[in-house]
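Trainee: Any chance you can model this:
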Amino acid sequence: SLQEEIVFGTDPIDALNLIPKFKEKLEICEALHAGLHNSKFHERVLNKIIASITYRDDFNKRHGIGDLEEWDIHISAYSHEITADDVLNAFDRVINSYKQRWTKAIKCVQDSADFQQIIDKIPSVEIATSNSTHCKQSVSALEELIKYTNLTAKTSFDKIGSFVVLDVETTGLSSSRDHLLEIAAIKFEDWSPVEKFHTLLNPGKPIPSEATAVNNITDEMVAEAPSFSQIIDCLNSFVGKSNIVGHNLPFDLKFLYRNGYDFTTIKRRYYDTCEISKRVLKKPKTKWDRDLEEHVINENYDYDVENYKLTTLCDFYKIRDNTFAHRALSDALATGFLFKHLAESKIDY
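Mentor: Purely as a prediction, here's the structure:
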């Protein structure tokens, strides 16, 4: 059925297997369009279709307002009985809509797989565990210990091109109550990803369903994973003295610091692409809509993006398709590429 729901799994490479099915849907659309416009069968087919139209009442029938329930098509001819041209136009609109839907699905899967293949080609470091003791720390100290660096026109593009991107997935938003589920770090040199660090983490308690709904990480997936304290030494060795980049970076750093990773002992720079994007891209102005009783975008003013979410910025810069977003490695690589786009937009070089 052309109305079939599009369902993706969690692996963009596996989703490539769906492309033949989506292409088959496109072929059905083309065949249906050709059949409806084939003069040989034109009148007989259209008459059969017109006979299958259902009407809510006689008034709607007289005024040409009916439905083709099998196709989920509503036809509004208004002021006259429904004709063959009305049916053709209605079908063309629906067929074109389905063609756009399946074409978009194919592009989504292919783009996501291409992005995943970039991730897969980045060499991985072996995750070594240790039994070192790492005490939890108060995140209130971070505000004094960390200053975030902005980009200016005079920033050296070449000097900031080597860094480590950090991204975490968690059971919730509170660094004091919630737990780490996944961490990814990708090392960039001269703006290219050269090495990755990635592991799931066992939080020591069941994962809330709300968290799984966002990141697709389940209790079964983390059952054999290390705890965060067991991989802190390995993570610290990987990050080393590098500058750190992240999207909404304070969120990630609070979780890492709270759970025992003290990255503040090394003097380094911290770049938050969320804050930097606010200095590079314009958000829309809003106005009060009395009818809707809410603020809406004021189209009288130009803007770049509706918000500064990573997914929105990825769409703006065409970094990736966001269907498989909200996993740490994908978000980390996307953030590294976003940092480069922002630097190119802001720096005179």
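Trainee: bridging residues for Val168?
Mentor: Following DSSP bridges, Val168 is listed with bridge partners Ile183.
Trainee: Lys107 touches Asp321, doesn't it?
Mentor: Yes: Lys107 is within contact range of Asp321, at 7.4 Å (criterion: CB atoms under 8 Å). Any C-beta I mention is one placed from the backbone N, CA and C, and that applies to glycine too.
Trainee: The two: which is more packed in?
Mentor: When neighbours are counted by other CB atoms under 10 Å, Asp321 comes out ahead of the other of Lys107 and Asp321, with 21 against 13.
Trainee: wait, what's in contact with Asp252?
Mentor: Leu166, Asp167, Val168, Gly246 (CB atoms under 8 Å, 6 or more residues apart in numbering).
Trainee: That one: which element?
Mentor: helix 249-258 (DSSP states H and E).
Trainee: any idea of the angle the helix or strand harbouring Leu342 forms with helix 249-258?
Mentor: Using DSSP H and E, Leu342 sits in helix 328-346. Helix 328-346 and helix 249-258 are oriented at 140 degrees to each other (axes from the mean of the first three to the mean of the last three CA atoms, to 10 degrees).
Trainee: The stretch 51-200 of the chain: strands as residue ranges?
Mentor: Per DSSP state E, counting those that start in this stretch, the stretch 51-200 of the chain carries strands over the ranges 65-68, 73-76, 163-170, 180-189, 192-200.
Trainee: Give the rounded mean pLDDT of the helix holding Asp252.
Mentor: For helix 249-258, mean pLDDT is 97.
Trainee: same question, stretch 125-135
Mentor: 94.
Trainee: Quick check: which ranges of this protein have low pLDDT?
Mentor: Within the chain, the segments meeting pLDDT under 70 span 1-3, 349.
Trainee: CA atoms only: put stretch 88-99 into CSV for me.
Mentor: The C-alpha coordinates for stretch 88-99 follow below in CSV (Å, rounded to 0.1, in the frame of the first residue of the first chain):
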residue,chain,number,x,y,z
LEU,A,88,-7.6,13.0,-12.3
ASN,A,89,-6.4,16.2,-10.5
ALA,A,90,-7.2,14.7,-7.1
PHE,A,91,-5.2,11.5,-8.0
ASP,A,92,-2.3,13.5,-9.4
ARG,A,93,-2.0,15.5,-6.2
VAL,A,94,-2.0,12.4,-4.0
ILE,A,95,0.4,10.4,-6.3
ASN,A,96,2.8,13.4,-6.3
SER,A,97,2.6,13.5,-2.5
TYR,A,98,3.5,9.8,-2.2
LYS,A,99,6.3,10.2,-4.8
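Trainee: so what's the backbone phi/psi at Arg327?
Mentor: Per-residue torsions, Arg327: phi -120, psi 150 (degrees, to the nearest 10).
Trainee: Quick check: nearest residue in space to it, chain neighbours excluded?
Mentor: Asn215 (6.3 Å; CB to CB, 6 or more residues apart in numbering).
Trainee: now do Ala184
Mentor: Nearest non-adjacent residue to Ala184, counting by CB to CB, 6+ apart: Ala328, 3.5 Å away.
Trainee: pretty sure that neighbour is touching Asp167, no?
Mentor: Yes: using CB under 8 Å, Ala328 is in contact with Asp167, at 4.6 Å.
Trainee: the more surrounded of the two?
Mentor: Taking neighbours as other CB under 10 Å, Ala328 and Asp167 compare with Asp167 leading, 29 against 26.
Trainee: Could you list which residues are in contact with Lys196?
Mentor: Per CB under 8 Å, 6+ apart, neighbours of Lys196: Ile119, Ile122, Pro123, Ser124, Val125, Ala184, Ala185, Ile186, Lys187, Leu329, Ala332.
Trainee: Distance check, it against His341.
Mentor: Distance from Lys196 to His341, counting by CB to CB, to the nearest Å: 20 Å.
Trainee: and if you look at Lys121?
Mentor: 21 Å.
Trainee: Kindly report the same for Pro226.
Mentor: 34 Å.
Trainee: what does Trp288 give?
Mentor: For Trp288, the distance to His341 - CB to CB - is 34 Å.
Trainee: Look at these two and report which has more neighbours.
Mentor: Between Trp288 and His341, counted using other CB under 10 Å, the more crowded position is His341 (19 against 10).
Trainee: Without its sequence neighbours, what residue ends up closest to the more buried one?
Mentor: His341 sits nearest to Tyr317 (CB to CB, 6+ apart), 4.5 Å away.
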